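J.: The sequence and its predicted three-dimensional model are supplied below.
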Amino acid sequence: MDATEARGNLYRLLARCYREAPDATFLQQLETPPLSKALALVGMDLQETLSGLPREHRLETLAVEHTRLFAGPGKHISPHESVYLSDGSELIGSTTHQVRRFMESADLFLPVNSVYLPDHLSVELDFMADLCAREGTKTLQSEFLKQHLGRWIPAFCEQVCEETELPFYRALAELTRNFIASEQELLANQTTG
Amino acid sequence: MTQRRDFLKLGAAAAGASLTGGALVSAAELKKGGEDFSPLSGAERTAVPTTCWQCVSRCPVIGYVENGRLAKIGGQPASIRTEGLLCAKAQGGVNQIHDPDRLLYPFKRVGERGSGQWKRISWDEALTELAGRLGKLREAGHPEKFMFHYGRMKASSSKLIKSVFLAGYGTKTIGNHTSICEGGKWTAQELTWGSHYDNWDFDHTRYVLNFGSNCLEAHTNHTSVAHRLVRALADRRVKMVTFDVRLSNTAAKSDQWVPVRSGTDGAVALAMCQVVVEQGLYRGKGEEFLKFCKFTAAPQASQKEKLDALKTHLASYTPEWAEKISGVPAETIRSIAIEFASSYPAVVISYRGAVAHYNGNDTERAIQMLAALTGNIDNPGGRCKAVGPKWKYPKFPGKKPKAKKLKIVDGFPGQAKLPTHHLSHQVLKMIKDGRNGRPDIYMWYCYQPVYSNGDVAENIEILKDEKLIPYSVCITPFYDESAALADLILPDATYLERWDWEDMVSPNQVAEYYIRQPVTPPPGEVRDFADVCCDLAKRLGFPLGVDSKEEFVRKSCELTHGVKEAGGFAYMKSHGVWHDPAAKPKYYSYRKVVKPEALSADGVVSDAATGVYWNWKKTKAKSADEARSKGYTHTKNAYKGYVGQQIGDTVYSGFKPDKVNKSGYFELYSTIMEEKGLPALPTYVPIPEHQAMKDNELVLTTYKVAVQVHSRTQNCKWLSEIYHQNPAWLNPESARSLGVSDGDPIRVTSERGVLETRAQVTPAVAPGVIAISFHCGHWEYGRYASGKHAATGSAEVPDEVKWWTDNGAHPNWIIPNRADPINGQQRWMDTVVQVSKR
Amino acid sequence: MDEEGLMDKSKAPSQNSRRAFLKGLGASATLAAAAAVRPASAATRPVQYGMLIDTRRCIGCHACSVACKAEFDVPLGNTRSWVEYVEKGEYPNVSRNFLPRLCNHCRHPNCVDVCPTGATYKREEDGIVVVDPDRCIGCKYCVQACPYDARFINPVTGAADKCDFCLHRVSRGIAPACVETCIGRARIFGDLNDPNSEISKKIATNPVSVLRPGMGTEPNVYYIAADHSDEHERRRGSYVRVTTHRKEKERR
Amino acid sequence: MIMELNWGLPVIAYLFLAGVGAGALTVSASILLRGGGGNFGGSHFDMARYGALIAPLPVMLGSGLLILELGSFHAGHWFRFLNLYTVINLSPMSVGTWLLSAFIGLSLVYAYTFMVPDVAPGDRWDVLRRACAWVGVPMGISVAMYTGVLLGAMPSRPFWNSPVLAMIFLFSALSTGVAAIMLARTLFRKFQIRKLEATAASGSSRRTSDLDVEGQYHQSGYILAASDTLLIGLELTAIFLFLIFAYLTVGDVRYAVSVILFGGSLAGAFWFWVIFLGLMLPALIELYYVVQRLLLHQNFSVPLGVEFAVPVIVLIGGFMLRYVVVVAGQITGPVGI
């Protein structure tokens, strides 16, 4: 597997984690050795992060926490760039449109009836994964990180770390933050070099 | 030469005609709306005609969409109601879509109810659970144990959800919110002239007499009515007098503000009636109208008998008597009464300031009497019967089940004698009481049971109690104080993301047909609840015949006469509004003579006691004989069979009844009231709690401002930026005696509890009154309303958009839920409080 | 693949386009003015747009304020257009009057005098005072100089901002947003230099006033029956309360 | 009073710093031109040198602060302020920008002429130095005054809208400029005395003095103290004119000025920090020593503590003057609407 494909997979994995709480299948996949070992290497040791949770309540606890952190109702950390970046503190703000345009400029279109807005964290991560799957998109990737993902991921992840009561999501946020930081570095080197 | 002279003649004659606007040199008018452009790029914004739903006025609007995002809402120039104008609230609707704290997914409670712990679930999961519970109740033969309680639900939403879905399901345990709004006014009107809703014909009036209406700031038909009132005041110099405890903006724009003691408007109105009768000012138009009025028990009383009865009844209601009660000088009452009565056509208007009291029912009846005595009923320039569109819509296919009902929506036995609009504010108390049963499922829609009613603390306690309410479902686009206490939250579409046909009445007496369509698609998993109903019904095995509200609206457009011919759904989508260009304004509907063939139709009988012709087959009567023996007045639902009223030798269509079996007269003498042991003629009853008030006690009054509706606009940042705090207004005299200065923190105490707020000492409120608006003090409802939200933003873009921190105080915590003993109206304006500096 | 080009497309309408737009409007506004506003006989007369606010018709509903907020997506805390309430008197003789406020597009705009970069200027073709956000450095000198507190620094653009009579609409023959929505129809907008315009006729036939005439700015926003009462009158012991409905709570 | 200040601390600091710099340069140039250098064993020349070396620093620092306060800078348009250099118009700020830029250039050149090795009166940089001084005096006065004109140009700000304000700012700039030199001189006292000793030893002084080195040092402070006293006197006179004219008029200005009068929200800051601490106190102290020499012909000698404290409070007063003026102007407005 080449590096770009690996990066794409990681984007895809993170997107899945932010979109919805893990279900049984997904959690099982995460815990299967090659993946779980790889996760442990980057600081997300599932045995450790999930150890405090009784097995029968794991999914429920993760779902409740996912809801509390990223969906609401009421006070939550909005995973939408336009809200998080205080673009007038609006859902579907002008940023949302900019992200959509960016994606469309790369010939990638969100399905008409998509549940998620273009600037939802999971969609932005998915977009990066899609770009990774295509040749010659390094500049696009780098620009997207610069204009969008990279602008809010550090603060967002920091706040998730502060807010969450579950090691799983703290580890996820840290992983996301570190990954995006390394991505920025990598792409900066590759596009300038 | 002859021709030349003729031309000159023509020219001279034409000078008298109004020819403005045609000449070349006149200044060209700029177009008033209908288009909009981005100030940044200059690109045209896409115009989507739709309908506002910030308040019940439901004005036709145009949504302007830029880059797939709603940028602005503007007026609909083609509307004959608004004439293209639009209030602040409507324009603030943009913020509803973009509310950063709105709900995007269904949520299910985990942990204790009200603990704030939730789990996001899928629609399928939510509907499977809900349909399971609903199905179980229905199969067990207890559909009535599903209670549906709505706040704002009108037109197609109401028809599809209530008349189709809930009727198909079989529950009639349906609560509304009219009794916390204006139900009392409606009941009084049903008693006098039949159906509710009065339209004030400001376009033709010469005088406006206002009891407690703030229609320049808030009204059921706000923009449509307000712009006409301003036009009358400014262009035609119509005089306006406002009786109110507070200088509302409406009072401020009146020629005269007359402060009145809280809850005594009825005394003033009766005294004015007395002046009119005593001074013979009814002569002329009033006298003509007397023929259609009922002032005595006998249906066919003569003019003289009517007047004699009136004189006797009003004899003691002198201006001097009213002065003692209301604090308004007798001379003021007399002179205004004379002005009003001699300014035909004149309109007397009224609203919650006058009606939301213990004695509100008869205050409104007294006001109706004043209008009747001066002939200002359903006439150009007077108090008119409402005219609205008559939409046809697809009915429930197949046979509806016999609906069942828990008797919990009309209050406790005897609490209100004629609750024609139910006692919404008693529903939770009835549930707590439990004697008339409790719903297994309590679902509320576009409603805030916790925040909108009085007794907030008790509402919370009841809604929280899983023993009282086993399962609760909240349908809302926003997480509010009530949603926090639900078991299941279904994310509803905002009004800008859904379909509807709409039907608000027209202030110009010509019906306007208009629709609402989505300006942008709903985000996340948001769904219009009416669409969800179609889905639920299918799951429950009684499909509604339509799969979505859009289909319902499309079919309605094809069914409705006029709209269909104009081009149906496609026309409405592109134009938004339609009215019959040939339609004439409707006045004097009561004067129409009923055709003889209508009187001889099958089932039509005449009732000797009232002079009413009615069709017993449309009532609950089983046979003609039963109908005859019970008579019109005492047959259940007899009003539904009403055909006409015999007056003299003629049968007029008269004042068609609604909800109660009144005659076709303009009933100021109400047999219905009489039979309930209440005074038949409008009577002044003092408010018991106000009779023995101590020196340090004040009456708490609530009010609305121009930029907010009661509870559902505080999340709109543009509106809350303008109005987010509600200090309590105190007259300098009251303030002095309490030792309170402007800006002081104060404590307002009622029998229900304590409210902490600040004082605004102003002469714009009467002594003895404390006025607190009821828009503020949310403790949920997102960042702009309550300040509750997680911090956002990086160092690069700090989160500092919401610059205000004081979100005001909500007076409903200390206002008890108490009913007008006649119609059940929530007594918003009666609470006695003590005020002290904190 | 031309990736740079795609990047450009992904950007929101930039300030550059606003600037180009302002410039482009020069021509179109003259056209519109010539075609729509000015009578043919006076084609050489320059246009001076102005507004007349009949406060007798104003009901203090803030429809104009919110229309403006929406039209320009004005960030919270700032206002191009707002309505002040003036409450005064002694019970029961109390009044509350409403004073809608906006940029006066003065004949002698002090803001233009003090602008060090020429970013704010009075357009010759229609007399509208505008700000070029690309030239403006945000020094706030004009904010200080405006006697009407009509200007602010837009936190998004970093430039001075204020009412521009909805130039983008007016140049296309559509009334300003506040005029379109005004429930009382209190606002009349038009060419003050055309004696036959509705606004000129109304000004000619009514007692009108402008705000702070002593400043010598010669405003082009006129009022009928404006209440010029001010909280300074409290010094005389009479009750006056001015509510500005702005973040800056006091009128200055 | 809930009001946001459009011009906050950076602008206040700038107005003060520009004044100090402009004052320092003007005083330095005046001393250089008047004394020609060399009086009291070159101590006048040294004073000119202190002034010259001080002048560009606060002005450049102040200008930098000014850029920080720009809205365009806040919005991330870092270099938009360069637009200032694309236009010349009659805006006091535009005039000020060019003036300030020229001033910075000139003051740097002027400072350079004092930084060359073995700098002394009459060296090969003397012509350039004197040329700079000739231009520097009017330019320094212009920069000092323009800050007042900048504020005074607006009828909408009645507190500022007074020609006297420019005069107050001018005198304040000069007196804070003198204070800056005095302070520098005090801080480099040892160096100064060492130099005097060296001069005395070499006997190259043009005029023999019967004073010892310490005495000579003090003597050279006399001219600064005396001129500072005079400048403070002038400044007080200008402030008096400002107040009395405001008081004698009716309307906007009178109401605006009332914020610094008894009962006003800035009265404390104005009367204590500006008038008493910043002007009266230093003037009285200086007068005490100056009078001894002027009238009683005693030797001029000031204790070290006083020598240090006086310029510090003058500088504090100068800052507070700008603070009070800038804030007062913004929290007041025209009366009526």
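T.: Received it, and whenever you're ready, just let me know what you need.
J.: Quick one: residues contacting the closest residue to chain C within the stretch 1-150 of chain D.
T.: Nearest residue of the stretch 1-150 of chain D to chain C (C-beta to the nearest C-beta) works out as residue D:71 at 2.2 Å. Yep, even glycine has a C-beta here, placed from its N, CA and C like the rest. By C-beta atoms under 8 Å, 6 or more residues apart in numbering or on different chains, the contact set of residue D:71 is C:136-140, C:153-155, C:158-160.
J.: Highest neighbour count among the residues you listed?
T.: residue C:139 (31 neighbours; other C-beta atoms under 10 Å in any protein chain shown).
J.: gap between it and chain D?
T.: 6 Å (C-beta to the nearest C-beta, to the nearest Å).
J.: Quick check: chain neighbours aside, which residue is closest to whatever residue of the stretch 201-337 of chain D ends up closest to chain C?
T.: Nearest residue of the stretch 201-337 of chain D to chain C: residue D:333, at 3.6 Å (C-beta to the nearest C-beta). Closest residue to residue D:333 apart from its sequence neighbours, by C-beta to C-beta, 6 or more residues apart in numbering or on different chains: residue C:252 at 3.6 Å.
J.: and the closest residue to residue B:234 other than its chain neighbours, backbone torsions?
T.: Of all residues beyond its chain neighbours, the one nearest residue B:234 is residue C:57 (4.7 Å), with distances taken as C-beta to C-beta, 6+ apart. Per-residue torsions, residue C:57: phi -100, psi -10 (degrees, to the nearest 10).
J.: contacting residues for residue C:57?
T.: So residue C:57 contacts B:230, B:234, C:182, C:184-186 (C-beta under 8 Å, 6+ apart).
J.: how near is residue A:78 to residue B:524?
T.: Here the criterion is C-beta to C-beta, to the nearest Å. By it, residue A:78 lies 12 Å from residue B:524.
J.: Equivalent analysis for residue C:106, please.
T.: 48 Å.
J.: got it, and residue B:142?
T.: 34 Å.
J.: Okay, and which of the contacts of residue C:57 map to helices?
T.: If you go by DSSP state H, the contacts of residue C:57 have B:230, B:234 in helices.
J.: low-scoring stretches of chain D, by residue?
T.: D:1-3, D:35-43, D:199-211 (pLDDT under 70).
J.: next structured bit after the lengthiest helix in it?
T.: Taking DSSP H as the criterion, chain D has its longest helix at helix D:213-248. Downstream of helix D:213-248, the first helix or strand assigned by DSSP states H and E is helix D:252-257.
J.: outside of the next helix or strand after that next one, which residues touch it?
T.: Later in the chain than helix D:252-257, the nearest helix or strand by DSSP H and E is helix D:267-268. Helix D:267-268 is contacted by residues D:259-261 when judged by C-beta under 8 Å, 6+ apart.
J.: Show me how to select, in PyMOL, the buried members of these.
T.: Selection of buried members from the contacts of helix D:267-268 for PyMOL, criterion 16 or more other C-beta atoms under 10 Å in any protein chain shown:
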select buried, chain D and resi 259+260
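J.: And the residue of the stretch 351-500 of chain B found nearest chain D, which helix or strand is it part of?
T.: Among the residues of the stretch 351-500 of chain B, residue B:451 lies closest to chain D, at 29.4 Å counting by C-beta to the nearest C-beta. Assigned by DSSP H and E, residue B:451 belongs to helix B:449-452.
J.: For that helix, name the packing helices and strands.
T.: helix B:456-464 (3 or more C-beta pairs under 8 Å, 6 or more residues apart in numbering or on different chains; DSSP states H and E).
J.: still on that earlier bit, which one's more surrounded, residue C:106 and residue B:524?
T.: residue C:106 (24 against 19).
J.: what's the span of stretch A:38-57, first residue to last?
T.: 25 Å (C-alpha to C-alpha, to the nearest Å).
J.: How about stretch B:317-330?
T.: 11 Å.
J.: Give me every residue in contact with it, excluding its own residues.
T.: B:243, B:258-261, B:264-265, B:267-268, B:270-271, B:273-275, B:331, B:333-334, B:337, B:684, B:686, B:766.
J.: and residue B:636, how many neighbours does it have?
T.: By other C-beta under 10 Å, neighbour count at residue B:636 equals 11.
J.: Pull the contacting residues for it.
T.: B:619-621.
J.: taking the contacts of stretch B:317-330 one by one, which sit in strands?
T.: B:243, B:258-259 (DSSP state E).
J.: any idea how far chain B is from residue C:133?
T.: 10 Å.
J.: for the closest residue to that residue other than its chain neighbours, what are its contacts?
T.: Among residues not flanking residue C:133 along the chain, residue C:159 sits closest, at 3.7 Å (C-beta to C-beta, 6+ apart). Contacts for residue C:159 (C-beta under 8 Å, 6+ apart) come out as C:15, C:119, C:131, C:133-134, C:136-138, C:153, D:71-72, D:75.
J.: Kindly report the same for residue B:207.
T.: B:238-240, B:339-340, B:343, B:346-347.
J.: so what's residue B:278 up against?
T.: Contacts of residue B:278 by C-beta under 8 Å, 6+ apart are B:311, B:314.
J.: how about 10 Å then?
T.: B:311, B:314-315, B:317-319, B:334, B:337 (C-beta atoms under 10 Å, 6 or more residues apart in numbering or on different chains).
J.: cool, and residue B:477?
T.: B:96-97, B:99, B:102-104, B:446, B:483, B:490-497, B:522, B:526, B:529, B:712, B:715.
J.: For the stretch 51-200 of chain C, what lies in contact range of chain A?
T.: C:73-76, C:156 (C-beta under 10 Å from any C-beta of the partner chain).
J.: Mind checking which of those residues land in strands?
T.: Short answer: these have none in strands (DSSP E).
J.: So which of those sits lowest on pLDDT?
T.: In terms of pLDDT, the lowest of those is residue C:156, showing 88.
J.: right, and residue B:625 touches residue B:631 too?
T.: No - counting by C-beta atoms under 10 Å, residue B:625 does not reach residue B:631; the two are 11.8 Å apart.
J.: who's more crowded, those two?
T.: Between residue B:625 and residue B:631, counted using other C-beta under 10 Å, residue B:631 has the larger neighbour count: 17 against 10.
J.: so who does that one touch?
T.: Applying C-beta under 10 Å, 6+ apart, the residues near residue B:631 are B:605, B:607-610, B:612, B:614, B:638, B:661.
J.: so how far is residue A:22 from the residue of chain D found nearest chain A?
T.: Of all residues in chain D, residue D:76 sits closest to chain A, at 12.3 Å by C-beta to the nearest C-beta. According to C-beta to C-beta, residue D:76 and residue A:22 sit 39 Å apart.
J.: Looking at these two, which is more packed in?
T.: Using other C-beta under 10 Å, the more surrounded residue of residue D:76 and residue A:22 is residue A:22, with 18 against 9.
J.: what about that one, helix or strand, and which?
T.: Applying DSSP H and E, one finds residue A:22 in no helix or strand.
J.: Any chance of the backbone angles for the closest residue to it other than its chain neighbours?
T.: Excluding the flanking residues, the one nearest residue A:22 by C-beta to C-beta, 6+ apart is residue A:62, at 5.8 Å. Residue A:62 adopts backbone torsions of phi -60, psi -40, taken as degrees, to the nearest 10.
J.: who's in contact with residue A:62?
T.: A:17, A:21-23, A:27, A:50, A:53, A:166, A:168-169.
J.: try residue B:133
T.: B:145-146, B:440-441, B:470-471, B:473, B:488.
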